[in-house]
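Enquirer: The following comprises the amino acid sequence and a computationally predicted model.
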Amino acid sequence: MEQDDISNLDVLILCGGFGKRLKEIGQNCPKPMVEINGRPFLEILIEHISSFGFRRYILCAGFKSEVIEQYFQKKNDDNTYILSKEDEPLGTGGGIKKAESCILGSTFIVLNGDSICRANLNDFVEFHESNNASVSMAVATIDDVSEYGSVVINDRSEINGFKEKSDHIKGQGLINAGIYLFKKPILDQIPSGQNISLEKEVLPSMIGQKFYGFKTTERLFDIGTPQRLEILRSHIKLTD
């Protein structure tokens, strides 16, 4: 896909997390706005995405959405920021459905707002198009899948199933990297106004519907716990 085409792809970022396990955030900050070495995590994530040519961002926000809105209203860059506000928790799947009217193109990319994997997003788009996929998901290799659950992929890169996280399932495997490409008609399969999980409800229902896994060797970082947050902070200090 040409750079001009990339800039026309909508980027949905799921920003509805409460950050209950991150006590340092306090009561007035949504999870994606947690500070990473002096900057909001969400800004760092968007900077990475923009390096591939993406320019139009739909921020799916719920808890303290005004914090996100006010911050990005003040941004003076080449990007467009649109807030899709959830008046009540809709989950990761419901949040995408809520933003449907904001999506302009026939294909769009979705990223979790509380994790980052520096996969090559241009290659990801090419992979999605070359497979004529309805849904594509980036998957990363991890040494121990017990905390995350794992993804089952066949030799044609089709996703065949998901295994829930469990102490009984350990060792190296593939995990969901929190980056997706969807053809817009897939949204017809998500009911409106309901709290729905993308990971637990929507994606498993996509198996058998041209659902592909894009393997990346890049490491996945998330800010789900204070310990993981510190790991990311240390990593960014080393790479800045």
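Expert: Nice, thanks for sending it over.
Enquirer: quick one: contacts for S115?
Expert: Going by CB atoms under 8 Å, 6 or more residues apart in numbering, S115 touches A177, G178, L220, F221, D222, I223, G224. (C-beta placed from N, C-alpha, C; glycine too.)
Enquirer: please redo it, this time with the cut-off set to 7 Å
Expert: G178, L220, F221, D222 (CB atoms under 7 Å, 6 or more residues apart in numbering).
Enquirer: Show me these that map onto strands.
Expert: Using DSSP state E, the members of the contacts of S115 that fall in strands are G178, L220, F221, D222.
Enquirer: which of those residues sit farthest apart?
Expert: Maximum pairwise distance in those, criterion CB to CB, is 10.1 Å, between G178 and F221.
Enquirer: Flag every buried residue along the lengthiest helix in the chain.
Expert: Longest helix in the chain by number of residues (criterion: DSSP state H): helix 226-239. The neighbour-count check on helix 226-239 (16 or more other CB atoms under 10 Å) flags R228, L229, L232, R233, I236 as buried.
Enquirer: before we move on, what about stretch 76-87?
Expert: N79, Y81, I82, L83, S84, E86.
Enquirer: For that stretch, give me every contacting residue.
Expert: 16, 50, 55-62, 65, 68-69, 72, 75, 95, 98-99, 102.
Enquirer: still on that earlier bit, output the contacting helices and strands for the longest helix of the chain.
Expert: Contacting helix 226-239 under the criterion 3 or more CB pairs under 7 Å, 6 or more residues apart in numbering; DSSP states H and E are the following elements: strand 35-36, strand 220-222.
Enquirer: E158: which of those is closest?
Expert: Smallest distance to E158 across these (CB to CB): 21.2 Å, for strand 220-222.
Enquirer: Which other helices and strands does the closest one contact?
Expert: strand 115-117, helix 226-239.
Enquirer: Let me have these in TSV, adding mean pLDDT and distance to H128 as columns.
Expert: As requested, the helices and strands packed on strand 220-222 are exported to TSV (pLDDT from 0 to 100; distance: least, CB to CB, whole Å):
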stretch	mean pLDDT	distance to H128
strand 115-117	96	16
helix 226-239	86	27
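Enquirer: so can I have JSON lines of these showing distance to L45?
Expert: Formatted as JSON lines, the helices and strands packed on strand 220-222 follow (distance: least, CB to CB, whole Å):
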{"stretch": "strand 115-117", "distance to L45": "5"}
{"stretch": "helix 226-239", "distance to L45": "11"}
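Enquirer: Tell me which of the ones you listed lies nearest to I46.
Expert: strand 115-117 (10.3 Å).
Enquirer: Could I get the contacting residues of the residue most central in space within the chain?
Expert: Within the chain, the residue whose C-alpha comes closest to the C-alpha centroid is L111; the distance, by CA atoms, centre = their mean, is 1.8 Å. Residues near L111 by CB under 7 Å, 6+ apart: V11, I13, L45, I49, G178, I179.
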